[in-house]
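> Build the 3D model from these lines:
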Amino acid sequence: MKRRDFLKGAFGAIGSLFCGELFAAPPGWKHEGTSNLVFGVISDTHLRTSVRGSGHGAHWPDKYLVAALNYFKEQNVDAVMHCGDMAHRGQIREMEFHAWAWRKVFGSVVSGPVKLFVMGNHDIDGAHYGSFVKDRYPDPAQFASHIMATDPAGSWQRIWGEKYDPVWHKEVKGYHFFGRHWGVSEADAIAALRNWKPAPGANGAQRPFFYVQHRRPSYGVRKELMRRVGAVSFFGHNHWSVTNWNILSLYKGRLPAIQCASCEPRGCGALVGDGWITKAAIAGREQVGRGRQGFVVRVYDDMLVIERREFGSGAGTSLGADWIMPFGKTPHPFSRGELIKVIGEPQFPDGAKLVVENAQTAVKLSIPLANANPDSRVYAYEVEVNSDDSNPLYKAVYASGVNLSMGNEPNGGVTSLSIPKEELPRNKTLSFTVRPLSSLGTKGKPITGEYNN
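Next comes the predicted model:
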């Protein structure tokens, strides 16, 4: 008997207690069957034009955008969501770069998966960020003719071959999506949601529906989404790495807001929530790597599975364990308390050794990759320094390559941390204890080393 069938039989009676909803699948459990819906999610691709020479061609290539689209195609996605900031400086030409990338993969802008695209602040306001576009087009009429903001509806329809709606509503395989472009009134989004009268889903249960805009939905939109069961929102803008589970947020403990990282050529390296991970200041940002990240989302009858993927260092490779959201579960599986239960503890492999070396003015630690538990990816390392007669000193460092896909960490995943000797007790034997941390601060077993300062 398959695990799915066993669990259905064992918990079938429980489902009847929740108004006919399917039981809440255990966190971390993944379906063996076929999903009802699959869609890819990217954001903040920021393709831009160049000042080089007399041309006005692509400056940042579409390499990672094309890699993401190719991966989505391989996964047979039904739709692709873009959370905004395509045209970095708000130019029509930059939006066209994205259409060219789409054609490279799908042949035509009117073929391929359903496009669930919204514009962001750079698409609409980017021409006014700095003087680049104004310097290139000093004549006001010429300037206006080259930017998306002048006629977003006309440019959008010409480039993408579909009608521009300030707030759009699309249905994909029986699931509903709403999107709000940048600069569109919040009241328009609220009205669109309020006027929607969904038909009941299978067995009389309402299916989840999805809302996307560039920035995290504001209070009014969140409040309207909360009026309906099953709302899930997606947004971008912040470029925060999705290797960090702190970016999952809930409004009033019920409305999940899924933040998507950047897939721009420069890559995303922004990190958030350090104070929740360790009390020590986390060093080593230069070691984290600049990932080009996105999601593949699979929707089943009873759960949502979010696969985190990286499109730079091995296109489409994993950034860590999938995020699992069973429907109808209380407390919500994306609440911090529930996430801490399932994230686990990263662990060093058996026999892992901490290397402690003299580096003139500092003591250098070389920390091996804590990859013995792949379901709990290491995010940072906490270091405790002790001597016989002094208070412990605490340091922390980000894991090398944590923004890159697993298996593609530079230097074999070895993380370096240098501690100035002036911060350490002199003429003492120092003991170093290093613990691997997850992005929610759970700790694995330590490794140790010594040094005579």
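
> which residues sit against the host helix or strand of F39?
Element membership for F39 (DSSP states H and E) is strand 37-42. Strand 37-42 is contacted from outside by 65, 68-69, 71-72, 75-83, 113, 116, 172-175, 234, 258, 260, 263, 294-299, using C-beta atoms under 8 Å, 6 or more residues apart in numbering. For the C-beta atoms, the positions are set from N, CA and C on the backbone; glycine is no exception.

> quick one: which of these sit in strands?
The strands, defined by DSSP state E, take in 79-82, 116, 172, 175, 234, 258, 294-299 from the contacts of strand 37-42.

> bridging residues for the closest residue to W196 other than its chain neighbours?
In space, and not counting its chain neighbours, W196 is closest to H169: 6.8 Å by C-beta to C-beta, 6 or more residues apart in numbering. Beta-bridge partners for H169, by DSSP bridges, are F178.

> Pull the number of nearby residues for H169.
For H169, the count of nearby residues is 14 (other C-beta atoms under 10 Å).

> Ok, S438 next?
25.

> how close does it get to L250?
19 Å (C-beta to C-beta, to the nearest Å).

> Repeat that for Y398.
Distance from Y398 to L250, by C-beta to C-beta: 26 Å.

> now, among the ones in strands among the contacts of strand 37-42, which is nearest to D165?
L116 (12.2 Å; C-beta to C-beta).

> how about the closest one, what does it touch?
F39, A79, V80, M81, H82, K170, V172, F177, G179, V212.

> Can you name the residues bridging to it?
M81.

> Just give me the neighbour total for A144.
A144 has 13 nearby residues by other C-beta under 10 Å.

> isn't there a helix covering it?
Yes. The assignment for A144 is a helix, going by DSSP: H, G, I helix; E, B strand; the rest coil.

> Okay, strands next: where are they in the stretch 101-250 of the chain?
Using DSSP state E, counting those that start in this stretch, the strands of the stretch 101-250 of the chain run over 114-117, 167-172, 175-180, 209-212, 231-235, 249-251.

> can you give me the angle the fifth one makes with strand 175-180?
For strand 231-235 and strand 175-180, the angle between their directions (axes from the mean of the first three to the mean of the last three C-alpha atoms, to 10 degrees) works out to 40 degrees.

> One more: the second one?
Relative orientation of strand 167-172 and strand 175-180, computed by the same axes, to 10 degrees: 160 degrees.

> and strand 167-172 with strand 293-299, angle?
Using the same axes, to 10 degrees, strand 167-172 lies at 60 degrees relative to strand 293-299.

> What residues does M119 make contact with?
G84, M86, M148, P152, W156, H181, W182, G183, H214.

> what are the phi and psi values for the first one?
Which is G84. Main-chain torsions, G84, degrees, to the nearest 10: phi 100, psi 170.

> ok, now which ones touch the nearest residue to it once chain neighbours are set aside?
Nearest in space to G84, with sequence neighbours left out and distances taken as C-beta to C-beta, 6+ apart, is G120 at 2.7 Å. Contacts for G120 (C-beta under 8 Å, 6+ apart) come out as D44, C83, G84, D85, M86, W182, H214, R215, G236, H237.

> any idea how far the residue nearest to the fourth one when sequence neighbours are not counted is from V172?
With sequence-adjacent residues excluded and distances taken as C-beta to C-beta, 6+ apart, D85 is closest to G120, at 3.7 Å. Relative to V172, G120 is positioned 22 Å away (criterion: C-beta to C-beta).

> Name the spans of this structure whose pLDDT lies under the cut-off.
1-31, 50-58, 200-206 (pLDDT under 70).

> Which parts of it are helices?
3-15, 63-74, 92-106, 121-125, 132-136, 140-145, 152-160, 186-195, 219-226, 274-277, 336-343 (DSSP state H).

> Contacts made by the fourth one with the rest, please.
By that I understand helix 121-125. With C-beta under 8 Å, 6+ apart, helix 121-125 has contacts from 46, 84-90, 95, 129, 148-149, 152, 181-183, 214-215, 237.

> and that helix, how far from the chain's centre?
21 Å (C-alpha atoms, centre = their mean, to the nearest Å).

> follow-up on the earlier one: any chance of the helices of the chain in TSV, with distance to Y381 too?
Output for those, formatted as TSV (distance: least, C-beta to C-beta, whole Å):
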stretch	distance to Y381
helix 3-15	35
helix 63-74	29
helix 92-106	38
helix 121-125	35
helix 132-136	41
helix 140-145	50
helix 152-160	45
helix 186-195	43
helix 219-226	36
helix 274-277	11
helix 336-343	16
